[in-house]
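Trainee: mind folding the following:
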Amino acid sequence: MSQYVIAIDQGTTSTRAIVFDKAGNVISVGQKEHEQIMPQAGWVEHDPIEIWQNTQEVIGIALSRADITRHDIAAVGITNQRETSVVWDKTTGEPVYNAIVWQDTRTQAIVDELAQGDTDRYKEKVGLPLATYFSGTKIKWILDNVEGAREKAEAGDLLFGTTDCWVLWNLTGGTDGGVHATDVTNASRTLFMDLKTLTWDENILADFGVPLSMMPEIRSSSEVYGHCEDSSLLRETPISGILGDQQAATFGQAAFTAGESKNTYGTGCFLIFQTGEEIVHSKNGLLTTVGYKIGDGPTHYALEGSIAVTGSLIQWLRDQLGIISAAPEVEELASQVADNGGVYIVPAFSGLFAPYWDASARGTITGLTRYSNRNHIARAALEAVAYQTRDVLDAVNADAGVDLTELKVDGGMIANDTLMQFQADVLGVPVVRPVVAETTALGAAYAAGLATGFWASMDELSANWQEDRRWEPQMSVDERDRLLRNWKKAVTKSQGWVDADVA
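Mentor: Numbers count the residues shown, from 1 in each chain. Predicted coordinates:
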């Protein structure tokens, strides 16, 4: 009898395969980073072929490290960086261009053209403002700028997918019968899916000039989409769960019901607040998105606060500035000073996301004096993550009408105790870390296992969740308010930077 479920976590900086047992414990991990391609300022790309090759390799690594074979695997789940867009030729299987990453800002002119002065033009239907963040403008850019792409698309020869769709298509055979499908959570991030009907809106597609034939079939988050092809190490294993990474992390936290929430600290930061079967439209800069849909069950919705740059800010300190040589060093530097020394970093590398949605903003470091050193900059970088989360939580509280009493957290940065304590301090509520921190992959595994009967019910998943550590607020209210005033002041310094003089 199969004892495990494997999840493929196709993330922004790496692809991982993680094997889980029935209790939700991690048995083994395979991981490979992929290249971050930045041809010019504001452009961020990935090589889809490299991602697919890495996917195959990490599956092998995870199986080998667990000393198991496909016969031990009950199901495959997929989770992914959501808005990152791949367009490929369905006959050759070759991408027509690199994947354009969710952080990429090259499509601002397309946003301005389509918005006609109103970035909320489609928001009532799709839950999203017009922004460079989402997939729709990226597809249009590829069709408008890659030679021959529009003609091929209109002839029905091109397919679009977020990276879950790209991995699924290849795992199930690619050009030889590959399944072209995505789930409702990823579809809800394109600008094209009607939140009520869970179908592609043909009028919006026409506005963007995107043929319906390119779009994947929209399915639930938990059902059998297909089986791994014969050449795969997982051949004949059902692929039965797909969730966009932030929805997957929420699912992995067993935050299933209205009023429950989580915050994921990864490349960016993403706070999701479940609203149940009700579609709630934000009045405070949040996104309305699909939370999950299990098989034929009802659709569950959520509010989301998306922050573009958090973990990637630490990566920037490492790769661009050379202040650190490895991510954990940032905590060592930050802990050497009592406070930020008046230094604030606003990492608006891709503009400001929730709750500001200001594409004209750019990254700033403010408050520098001769006293400032790299320790203060390291601390300011960590604090920027917490301040941005506070901005989003304020918006959630305003929309929900009920203040959150604690925040469940996950993602790579929750290993940073200094950050987690400061997060609790600046929020004024406890921050709670689970025993299993790999909640994104776990959520995809849960969705896959539910579809195949590996787990019998969501109650069983809830029983798996266990608290590892809790950080209580220790900062005085006056000090918290002072820091937040300075943060808000720093944000204003980053805004309005992009104009006719700054492309």
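
Trainee: mind listing what's buried along the helix ranked longest in the chain?
Mentor: If you go by DSSP state H, the chain has its longest helix at helix 374-400. Neighbour-count burial for helix 374-400, counted by 16 or more other CB atoms under 10 Å, picks out 374-396, 399-400. Every residue, glycine included, has its C-beta placed from N, CA and C.

Trainee: try stretch 165-180
Mentor: By 16+ other CB under 10 Å, the buried positions in stretch 165-180 come out as 165-174, 178-180.

Trainee: one more: stretch 481-488?
Mentor: Under the neighbour-count criterion of 16+ other CB under 10 Å, stretch 481-488 has 483, 486-487 buried.

Trainee: from these, which is closest to Trp141?
Mentor: The closest of these to Trp141 turns out to be Trp487 (CB to CB; 33.4 Å).

Trainee: which residue lies farthest from the center of this protein?
Mentor: Of all residues in the chain, Arg370 sits farthest from the chain's C-alpha centroid, using CA atoms, centre = their mean; the distance is 37.8 Å.

Trainee: quick one: the strands in the stretch 301-450 of the chain, in order.
Mentor: Assigned strands in the stretch 301-450 of the chain, in chain order: 344-346, 364-366, 407-410, 431-434 (criterion: DSSP state E, counting those that start in this stretch).

Trainee: now for the first one, which elements pack on it?
Mentor: Counting by 3 or more CB pairs under 8 Å, 6 or more residues apart in numbering; DSSP states H and E, the packing neighbours recorded for strand 344-346 are strand 364-366, helix 374-400, helix 477-494.

Trainee: tell me the strands beside it, with direction?
Mentor: Paired with strand 344-346 in the same sheet, following DSSP bridges, are strand 364-366 (antiparallel).

Trainee: coming back round to it: please compute how far the longest helix of the chain lies from its chain's middle.
Mentor: Its chain's C-alpha centre and that of helix 374-400 lie 17 Å apart, by CA atoms, centre = their mean, to the nearest Å.

Trainee: again with stretch 180-187
Mentor: On the basis of CA atoms, centre = their mean, stretch 180-187 sits 14 Å off its chain's mean C-alpha point.

Trainee: straight-line length of it, end to end?
Mentor: 13 Å (CA to CA, to the nearest Å).

Trainee: what does that stretch contact?
Mentor: Stretch 180-187 has contacts (CB atoms under 8 Å, 6 or more residues apart in numbering) with 80, 82, 90, 159, 161-162, 164-165, 168-169, 193, 198, 200, 216-221, 225-226, 242-244, 247-248, 289-293, 299.

Trainee: what residues are up against Lys123?
Mentor: Counting by CB under 8 Å, 6+ apart, Lys123 touches 129, 281, 288.

Trainee: only whichever of these are buried, select them in PyMOL.
Mentor: With 16+ other CB under 10 Å as the criterion, this PyMOL line picks the buried residues out of the contacts of Lys123:
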select buried, resi 129+288
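
Trainee: from the contacts of Lys123, which is closest to Glu50?
Mentor: Of the contacts of Lys123, the one sitting nearest to Glu50 (CB to CB) turns out to be Pro129, at 31.4 Å.

Trainee: for that closest one, phi and psi?
Mentor: phi -80, psi 160 (degrees, to the nearest 10).

Trainee: and it, how close does it get to Gly42?
Mentor: 19 Å (CB to CB, to the nearest Å).

Trainee: cool, Val184 as well?
Mentor: Computed with CB to CB, the distance linking Val184 and Gly42 is 30 Å.

Trainee: which one's more surrounded, these two?
Mentor: Per other CB atoms under 10 Å, whichever of Val184 and Gly42 has more neighbours is Val184, with 25 against 19.

Trainee: need phi/psi at that one.
Mentor: Here is the backbone geometry of Val184 (degrees, to the nearest 10): phi -60, psi -30.

Trainee: distance of it from Ala62?
Mentor: In this view, Val184 and Ala62 are 27 Å apart by CB to CB.

Trainee: of the buried residues of stretch 165-180, closest to Lys32?
Mentor: Lowest distance from Lys32 to these (CB to CB) belongs to Val167, with 13.6 Å.

Trainee: coming back round to it: which pLDDT value goes with the residue farthest from the centre of the chain?
Mentor: Looking at Arg370, its pLDDT stands at 96.

Trainee: could you pull out the helices in the stretch 1-150 of the chain for me?
Mentor: 48-66, 108-115, 123-126, 135-145, 149-154 (DSSP state H, counting those that start in this stretch).

Trainee: which residues of the stretch 101-250 of the chain fall in strands?
Mentor: Using DSSP E, counting those that start in this stretch, the strands of the stretch 101-250 of the chain run over residues 158-162, 181-183, 217-219, 222-227, 238-244.

Trainee: I'd like those strands as a markdown table, with mean neighbour count and distance to Ala456 appended.
Mentor: A markdown table is the format used below for the strands of the stretch 101-250 of the chain (neighbours: other CB atoms under 10 Å; distance: least, CB to CB, whole Å):
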| stretch | mean neighbour count | distance to Ala456 |
| --- | --- | --- |
| strand 158-162 | 26 | 30 |
| strand 181-183 | 28 | 21 |
| strand 217-219 | 18 | 22 |
| strand 222-227 | 21 | 13 |
| strand 238-244 | 29 | 15 |
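
Trainee: in stretch 457-473, what counts as buried?
Mentor: By neighbour count on 16+ other CB under 10 Å, the buried set for stretch 457-473 is 458, 460-461, 464-465, 471, 473.

Trainee: how about stretch 181-201?
Mentor: 181-195, 198, 200-201.

Trainee: narrow those to those in helices?
Mentor: 184-187.

Trainee: hang on, the earlier thing: distance to Ile139, mean neighbour count and mean pLDDT for the strands of the stretch 301-450 of the chain - can I get that in TSV?
Mentor: What follows is the strands of the stretch 301-450 of the chain, written out as TSV (distance: least, CB to CB, whole Å; neighbours: other CB atoms under 10 Å; pLDDT from 0 to 100):
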stretch	distance to Ile139	mean neighbour count	mean pLDDT
strand 344-346	30	25	97
strand 364-366	32	18	96
strand 407-410	30	24	90
strand 431-434	36	22	92
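
Trainee: how close does the closest residue in space to Gln247 that isn't next to it in sequence get to Phe160?
Mentor: The spatially closest residue to Gln247, leaving aside those adjacent along the chain, is Thr185, at 4.2 Å (CB to CB, 6 or more residues apart in numbering). Applying CB to CB, the value for Thr185 to Phe160 is 16 Å.

Trainee: mind putting the strands of the stretch 101-250 of the chain into JSON lines with distance to Gly412?
Mentor: Shown next, in JSON lines, are the strands of the stretch 101-250 of the chain (distance: least, CB to CB, whole Å):
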{"stretch": "strand 158-162", "distance to Gly412": "21"}
{"stretch": "strand 181-183", "distance to Gly412": "24"}
{"stretch": "strand 217-219", "distance to Gly412": "29"}
{"stretch": "strand 222-227", "distance to Gly412": "26"}
{"stretch": "strand 238-244", "distance to Gly412": "18"}
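
Trainee: reformat those as TSV; add distance to Glu94 and mean pLDDT.
Mentor: Output for these, formatted as TSV (distance: least, CB to CB, whole Å; pLDDT from 0 to 100):
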stretch	distance to Glu94	mean pLDDT
strand 158-162	11	98
strand 181-183	20	98
strand 217-219	22	98
strand 222-227	21	98
strand 238-244	22	98
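
Trainee: out of these, which gets nearest to Ala75?
Mentor: Ranking these by proximity to Ala75 (CB to CB) places strand 238-244 first, at 4.7 Å.
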